[in-house]
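A.B. asks: coordinates only, sequence not included:
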């Protein structure tokens, strides 16, 4: 199965850099505004867009993202709006758009129906933070059938047995959790992320993107010293909240420049 996400990462590697994956919640500040925000992110240099449907019990999300998703829910977001947003964004940008959602809404919607609708909307794949490969047989089958990437999470606490399972089941990239806990910004990224990426490589993982806590372009550059991509969420949502698409674009351009800095600092072969 060809993976648009993996192809994007490979193209960046050919340029000697890693990818910048940008997360935004769907429906914030409203549905049309969230579509414009995602397009702004792509135009500012994001390599992959990660869109998150708001969820009533976001156990992994930090306060900035929770504030945005609660506002979206209060404004009337419905899960089916996910496909409206993905379609509107993919019609205007040519980078992969993946969805990150908790598993319960997918189950309620119907796994096969979800996969069909996401593929029809032009989506490239799905990040599933709260389901592991051994519990995801229905989703693995649906993703194989529709050609969607399935992106599982690996954490510093994951056993080698679990990492082997994740390595085998994941396509696109492994979402590598930098620290245990909720998303947000941290002054220093946990050294556990570097160790985790090393362990994933030992299990044959080609593409590992690090998320949770990346809040500066310098941290993007640092992460790309050992990983294939850096995932940024909270800092982008804060920029959108505080300064609309203008500040979002400015912030995203700085993060995208961080990927080029990693290439510039790479030793010449």
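C.D. replies: Now that the structure is in, tell me what you want to look at. Keep in mind that what you see is a predicted model, and the values were worked out from it rather than measured.

A.B. asks: can we go C-alpha only for contacts and neighbour counts from here?
C.D. replies: Will do.

A.B. asks: okay, buried residues for the strand or helix carrying residue 164 please.
C.D. replies: Using DSSP states H and E, the element containing residue 164 is helix 160-169. Using 16 or more other Cα atoms under 10 Å as the test for burial, helix 160-169 gives 162, 163, 164, 165, 166, 167, 169.

A.B. asks: these two touch, right, the last one and residue 134?
C.D. replies: No - using Cα atoms under 8 Å, residue 169 and residue 134 do not qualify as a contacting pair, with a distance of 9.1 Å.

A.B. asks: which strand residues bridge residue 126?
C.D. replies: residue 99, residue 150 (DSSP bridges).

A.B. asks: now residue 118: closest residue in space, sequence neighbours ignored.
C.D. replies: residue 83 (6.1 Å; Cα to Cα, 6 or more residues apart in numbering).

A.B. asks: how about residue 257?
C.D. replies: In space, and not counting its chain neighbours, residue 257 is closest to residue 217: 7.2 Å by Cα to Cα, 6+ apart.

A.B. asks: ok, that neighbour to residue 78 distance?
C.D. replies: For residue 217, the distance to residue 78 (Cα to Cα, to the nearest Å) stands at 33 Å.

A.B. asks: now the strands for this structure?
C.D. replies: Assigned by DSSP state E, the chain shows strands spanning 19-25, 48-52, 97-100, 125-128, 149-154, 174-177, 208-211, 229-232.

A.B. asks: put together JSON lines for the ones you listed, with mean pLDDT and distance to residue 140 on each row.
C.D. replies: Listed next are these as JSON lines, based on pLDDT from 0 to 100; distance: least, Cα to Cα, whole Å:
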{"stretch": "strand 19-25", "mean pLDDT": "97", "distance to residue 140": "23"}
{"stretch": "strand 48-52", "mean pLDDT": "97", "distance to residue 140": "20"}
{"stretch": "strand 97-100", "mean pLDDT": "98", "distance to residue 140": "15"}
{"stretch": "strand 125-128", "mean pLDDT": "97", "distance to residue 140": "11"}
{"stretch": "strand 149-154", "mean pLDDT": "97", "distance to residue 140": "7"}
{"stretch": "strand 174-177", "mean pLDDT": "95", "distance to residue 140": "15"}
{"stretch": "strand 208-211", "mean pLDDT": "95", "distance to residue 140": "19"}
{"stretch": "strand 229-232", "mean pLDDT": "96", "distance to residue 140": "23"}
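
A.B. asks: quick one on the thing from earlier: the residue nearest to residue 118 touches residue 119, doesn't it?
C.D. replies: No - using Cα under 8 Å, residue 83 is not in contact with residue 119; the gap is 9.1 Å.

A.B. asks: compute the first-to-last residue distance for stretch 126-138.
C.D. replies: Terminal residues of stretch 126-138 lie 13 Å apart, using Cα to Cα.

A.B. asks: residues contacting that stretch, please?
C.D. replies: 98-103, 111-112, 140, 148-153, 165-166, 169, 175 (Cα atoms under 8 Å, 6 or more residues apart in numbering).

A.B. asks: contacts only, for residue 195.
C.D. replies: Residue 195 makes contacts with residue 156, as judged by Cα under 8 Å, 6+ apart.

A.B. asks: try it again at 10 Å.
C.D. replies: With contact taken as Cα atoms under 10 Å, 6 or more residues apart in numbering, residue 195 is in contact with 156, 178, 201, 226.

A.B. asks: cool, and residue 39?
C.D. replies: Residue 39 makes contact with 33, 46, 49, 88, 89, 90, 91, 92, 93, 94, 245, 249 under the criterion Cα under 10 Å, 6+ apart.

A.B. asks: so what's residue 203 up against?
C.D. replies: Here residue 203 is in contact with 160, 161, 163, 164, 165, 166, 167, 168, 197 (Cα under 10 Å, 6+ apart).
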